[in-house]
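**Q** Sequence and computational prediction follow.
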Amino acid sequence: MKNATMTRASANLLLMLVAVIWGSAFVPQSYGMADVGPMTFTGVRFLIGVLVVMPLMWIEWHSLQRADKALKRNDGFKIAGLGGLLLLGAAMQQIGLMSTTVTNAGFLTALYVPLVPVLGWLLLRHLPHWSVWMGSLACIFGAYLLSGAQISSIGKGDLWVIGSAIPWAFHVLLVGRVADRMRAPFLVAGGQFGVCGLLALLWAISYESITWTGLQAAALPIAYTGIFSVGIAFTAQVVAQRYAHAADAAIVLSSETLFAAVFGYLLMGDRLDAVGIAGCALIFVSTVGVQLLPMLSRERLVPTEGKRL
């Protein structure tokens, strides 16, 4: 049972903090690549995230046991599938950060936002709002402008990050449905983090050189992204979305892309020309519009009878 301990405004402020953390995490993710491989970085930080979420997982597990609603083996397969999607998205993004800027990575990652309702229509037959199609085209054109309005200038790192939008979109589409049906959001979160972290480390052991010296040198970036980005931010998102309107949450969290650009500018010296800034603006406006326009349309359909003038 939820206690009304947080106002809607407070929840939105907490979601803004989540967006700040996620946006800032692109910087340590980029710095960490100087000392360890992308899969080593991904594996260790997600396992740290498991440790952060574990107390909530423990409480939730015992709560389900007392209510005789323990998770079944089939639930474990679903969580493992989510972990696999998480691994693909995080790994492709991390590989991309080796050869692209924090600003580019932050905005190109946002391409998953218009993909989610498109996949929902294709796979779940949820008809998307008309703004989705315009938003998708606007995001694609924004990515073109972000590359300097030259197709040939899109680097390998940019392509990796663009590719990561696909598993991110599938993950966003499915994770809410799985967590809701199991009524165990923290177990789903920690479980998928564990699967992602273990698979990434197995990959790293097979194809990367893991040294204690490298891990020590990358300790701060790994710790920041593991504790704050994976652990605290995800937990804060779960807490805040108990009280925030879903449309509010989507709009606020999409500001992650802006914070990635801000932190890239302040901490790494990333610079964009006027065309690149226009591309960033177009991507951001389209991602917000995909969420905001359907909400405005629904408000117009609400009967005005009984309202005070």
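**A** Perfect, thanks for sending it. What you are looking at is a predicted structure, and each value in this text was computed from that prediction instead of being measured.

**Q** contacts, neighbours, all on C-alpha from now
**A** Will do.

**Q** any weak-confidence spans in the stretch 151-300 of the chain?
**A** Applying pLDDT under 70 to the stretch 151-300 of the chain picks out residues 151-153, 238, 241-242, 244-252, 254, 269-272, 287, 290-291, 294-300.

**Q** In contact with Gly197, which residues?
**A** 42-47, 87 (C-alpha atoms under 8 Å, 6 or more residues apart in numbering).

**Q** pretty sure Ile283 contacts Phe107?
**A** Yes - Ile283 sits in contact with Phe107 when judged by C-alpha atoms under 8 Å, with a separation of 7.0 Å.

**Q** Ala233: how many residues sit nearby?
**A** By other C-alpha atoms under 10 Å, 23 other residues sit near Ala233.

**Q** element containing it?
**A** Secondary structure assignment for Ala233, by DSSP states H and E: helix 233-240.

**Q** secondary structure class for Val285?
**A** Applying DSSP: H, G, I helix; E, B strand; the rest coil to Val285 yields a three-state assignment of helix.

**Q** Please enumerate the helices of the stretch 51-200 of the chain.
**A** Counting by DSSP state H, counting those that start in this stretch, the stretch 51-200 of the chain forms helices over residues 73-96, 102-109, 112-124, 131-146, 156-182, 185-207, given from the N-terminal end onward.

**Q** Only C-alpha atoms, please: export the helix holding Ala233 in PDB.
**A** Taking C-alpha atoms only, helix 233-240 is exported to PDB below (Å, rounded to 0.1, in the frame of the first residue of the first chain):
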ATOM      1  CA  ALA A 233      19.300   6.500 -10.300                       C
ATOM      2  CA  PHE A 234      17.300   3.400 -11.200                       C
ATOM      3  CA  THR A 235      16.000   3.100  -7.600                       C
ATOM      4  CA  ALA A 236      15.100   6.800  -7.500                       C
ATOM      5  CA  GLN A 237      13.200   6.400 -10.800                       C
ATOM      6  CA  VAL A 238      11.200   3.500  -9.300                       C
ATOM      7  CA  VAL A 239      10.400   5.500  -6.200                       C
ATOM      8  CA  ALA A 240       9.500   8.700  -8.000                       C
END
